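In: Here you go, sequence then predicted model.
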Amino acid sequence: ELGVNSRSAPSGTSLAERARRVIPGGVNSGQRSIPGLTDLVITRASGSRFWDADGREYTDYHAAFGPPLLGHNDPDVNAAVAAVGQRLDLCGVAVTDGEVELAETLAGLIPSIDKVLLTSTGSEATFHALRVSRAATGRRLVVKFQGCYHGWHDSVSLNVISAPDRVGVPDPISTGILPEVLDATLVLRFNDVAAVRAAFAEHGADIAAVIVEPVPHNVGCLLPDQEFLAALRDECTRAGSVLIFDEVITGFRHDLGGWQRISGITPDLTTLGKAIANGYPIGALGGRADLMDLFSTHPGAPAFFAGTYNGHPAVVAAALATLTKLRDEPVHEHVYRLGDRVRAGLTEVFADLGVDAVVTGYGSVFVSYFMSGPVPRTYDDLLRNDAGMFIGYRRRLPEHGIFELPLNLKRSHISYAHTDADVDRLLEATRAAVADTLAA
Ligand code: PMP
């Protein structure tokens, strides 16, 4: 076995040093560049765990930002990928049997989806959702909300996690973006119905689309007021703007029908990713047939859509196996039950230690904000979170065999592979790590 007790095991420190020589910063995503973790090299993952190059075991609640809802290296998903590899790989022309089956499955599960296209990432799905919204309406403006993340492309690369003095003003997450692109995005406060009504009153005729994480999970968990989602639906319908639910996280993790089934509010377009294929690279964009038929996959249609790897047979097989298991086994029942246990248990731990904390989340997602109540509803509420505590105890969790990402406001995830014993360990480890942080 790689790692555990092996003399020939690769040393994490030396691999990390080699990485830094040839990979900028030593990692392949800006979101993996984490202070304190620069020597971590991962060599194995299975079920609820991963192992580093020095053989240390971690129970994983980071879960790669969310995809492996079934757990790492799920045997049924692996078997499906291996099986399709016996007969098919990427041909890049026409359509394959698996793509037809997957599109039918997605259209059957997600209320807003008449037709659907596959991408390799969530960012591509949100990019194309905005492009087709502009193509359909001939309008320029996009509305997004402070705290929501929709990928790395320019129209949405602003106001995700902002410093207090950058809330309420344009706050790009990157340099190199044309100011005119940033100017075409209006940023509003999540759960603020009056702000939405005012933006439509002033700019309605120019708004191509509203894009929203129905539950903003990129800042932990802000649960939506039902009237807020209803107001988005209402204003978009009246103004002829496209309502996009970005369900890259909420889709399948919270419900097979996404947050739109839970809320009963149906967007015009939906973007999906992550949990569809349990970790294989996938995104999807689906919605109303008249909008989807504007894509150039439809003969003569104007909105260009392409991607060499779209609908890769291995990824499609992984998605079909994942969705089958989500449908046929009590996955949601299990992760919801463990999620409730974790939230109740953490609440007790923090109370015992006399720490002000709001433990929140939904289903398999949990997050503890270090602040007094009530449960936050907007990004502004999250400014009261004690980031030092949030990051500090998470940096100590690995000493106790637990991994949660030590980045401010990041949520944690439970998978079907996690057990009650894993939850017990999480609660004990958190108690110890928080106590150490208080003592430091
Ligand atoms: N939308 C949401 C809600 C996301 O959480 C993410 C990824 N964190 C994306 C879009 C982008 O997906 P990807 O990283 O696959 O491009």
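Out: Arrived safely, thanks for sending. Numbering: from 1, shown residues only.
In: What pLDDT is listed against the residue nearest the centre of the chain?
Out: With distances taken as Cα atoms, centre = their mean, residue 249 lies nearest the centre of the chain, 3.7 Å away. Each residue has a pLDDT score; the one for residue 249 is 98.
In: got the contact list for it?
Out: Applying Cβ atoms under 8 Å, 6 or more residues apart in numbering, we find residue 249 in contact with 66, 213, 215, 217-218, 274-275, 365. C-betas here are computed from N, CA, C, even on glycine.
In: ok, so of the residues you listed, who is nearest residue 337?
Out: In terms of Cβ to Cβ, no member of the contacts of residue 249 lies closer to residue 337 than residue 365, at 13.9 Å.
In: separation between that closest one and residue 24?
Out: Separation of residue 365 from residue 24 (Cβ to Cβ, to the nearest Å): 31 Å.
In: for residue 88, same thing?
Out: Taking Cβ to Cβ, one finds residue 88 at 35 Å from residue 24.
In: Tell me, what's the model's pLDDT at residue 13?
Out: So, for residue 13, pLDDT stands at 78.
In: Which of the helices or strands spans it?
Out: Element membership for residue 13, per DSSP states H and E: helix 12-22.
In: contacts for that helix?
Out: So helix 12-22 is in contact with 26-27, 38-41, 52-54, going by Cβ under 8 Å, 6+ apart.
In: So for that helix, what gets flagged as buried?
Out: Judged by neighbour count (16 or more other Cβ atoms under 10 Å), helix 12-22 contains these buried residues: 12, 15-16, 19.
In: closest to residue 209 among the residues you listed?
Out: Nearest to residue 209 among those, counting by Cβ to Cβ, is residue 19 at 38.8 Å.
In: Pull up the gap between the closest one and residue 40, please.
Out: Applying Cβ to Cβ, the value for residue 19 to residue 40 is 11 Å.
In: Equivalent analysis for residue 188, please.
Out: Per Cβ to Cβ, residue 188 is found 37 Å from residue 40.
In: What is the neighbour count of the closest residue to the ligand within the chain?
Out: The ligand sits closest to residue 122 of the chain, with a gap of 2.4 Å, by Cβ to the nearest ligand atom. Residue 122 has 30 neighbours, counted by other Cβ atoms under 10 Å.
In: doesn't residue 271 make contact with it?
Out: Yes. Using Cβ atoms under 8 Å, residue 122 makes contact with residue 271 at a distance of 6.4 Å.
In: What residues does residue 23 make contact with?
Out: By Cβ under 8 Å, 6+ apart, the contact list for residue 23 is empty.
In: meant to ask about residue 60, not that
Out: Each residue near residue 60 by Cβ under 8 Å, 6+ apart is listed here: 45, 48-50, 72, 403.
In: What does residue 283 show for phi and psi?
Out: phi -140, psi 160 (degrees, to the nearest 10).
In: correct me, but it touches residue 117?
Out: No. Assessed by Cβ under 8 Å, residue 283 is found out of contact with residue 117, at 9.3 Å.
In: out of the two, which sits in the busier spot?
Out: Legend: neighbour count by other Cβ under 10 Å for residue 283 and residue 117, higher for residue 283 (26 against 22).
In: Give me the pLDDT for the more buried one.
Out: Residue 283 is given a pLDDT of 98.
In: which residues pair with it across the strands?
Out: Here residue 283 sits in beta bridges with residue 119, going by DSSP bridges.
In: ok, it - contacts?
Out: 118-125, 248, 271-273.
In: List the contacts of residue 386.
Out: 370-371.
In: The helix or strand where residue 262 lies packs against which elements?
Out: Using DSSP H and E, residue 262 falls within helix 258-263. Here helix 258-263 touches strand 242-246, strand 269-272, going by 3 or more Cβ pairs under 8 Å, 6 or more residues apart in numbering; DSSP states H and E.
In: So it, near the ligand or not?
Out: No. Using Cβ under 6 Å from any ligand atom, helix 258-263 never reaches the ligand; the gap is at least 11.0 Å.
In: any residues touching that helix, and which ones?
Out: The contact list for helix 258-263 (Cβ under 8 Å, 6+ apart) reads 109-112, 214-215, 224, 226, 229, 245, 247, 250-252, 254-255, 266-267, 270, 272.
In: one more time with 6 Å
Out: The contact list for helix 258-263, computed with Cβ atoms under 6 Å, 6 or more residues apart in numbering, reads 110-112, 214, 229, 245, 247, 250-251, 255, 266.
In: got the CA coordinates for that helix in CSV?
Out: Taking Å, rounded to 0.1, in the frame of the first residue of the first chain, the C-alpha atoms of helix 258-263 are listed here in CSV:
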residue,chain,number,x,y,z
GLY,A,258,-32.3,20.2,-6.2
TRP,A,259,-33.3,23.2,-4.1
GLN,A,260,-35.9,24.0,-6.6
ARG,A,261,-37.8,20.9,-5.6
ILE,A,262,-37.4,21.7,-1.9
SER,A,263,-38.5,25.4,-2.4
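In: Would you mind checking the average pLDDT for that helix?
Out: 98.
In: Around the ligand, which positions in the stretch 101-250 of the chain sit nearby?
Out: Counting by Cβ under 6 Å from any ligand atom, the residues of the stretch 101-250 of the chain that sit close to the ligand are 121-123, 126, 149-151, 213, 218, 246, 248-249.
In: quick revisit: between which two of the contacts of helix 12-22 is the distance greatest?
Out: Farthest pair in these (Cβ to Cβ) is 27 and 54. Separation: 17.7 Å.
In: so where's the protein uncertain?
Out: Within the chain, the stretches with pLDDT under 70 are 1-10.
In: What residue spans form the domains of it?
Out: In terms of domains, the chain is parsed into 12-73+330-439, 75-328 (source: automatic domain parsing).
In: what's the neighbour count on the residue nearest to residue 327 when sequence neighbours are not counted?
Out: What sits nearest to residue 327 in space, not counting adjacent residues and going by Cβ to Cβ, 6 or more residues apart in numbering, is residue 256, at 6.5 Å. By other Cβ under 10 Å, 16 other residues sit near residue 256.
In: Check the one 3 residues further on too.
Out: Residue 259 has 26 neighbours, counted by other Cβ under 10 Å.
In: who's in contact with the closest residue to residue 302 other than its chain neighbours?
Out: Spatial nearest neighbour of residue 302, excluding adjacent residues (Cβ to Cβ, 6+ apart): residue 135 at 5.7 Å. Each residue near residue 135 by Cβ under 6 Å, 6+ apart is listed here: 294, 302-303.
In: Residue 181 too?
Out: residue 154.
In: Next: residue 288.
Out: 114, 268.
In: quick one, phi psi at it?
Out: The phi/psi pair for residue 288 (degrees, to the nearest 10) reads phi -60, psi 140.
In: distance of it from residue 252?
Out: To residue 252, residue 288 is 21 Å away according to Cβ to Cβ.
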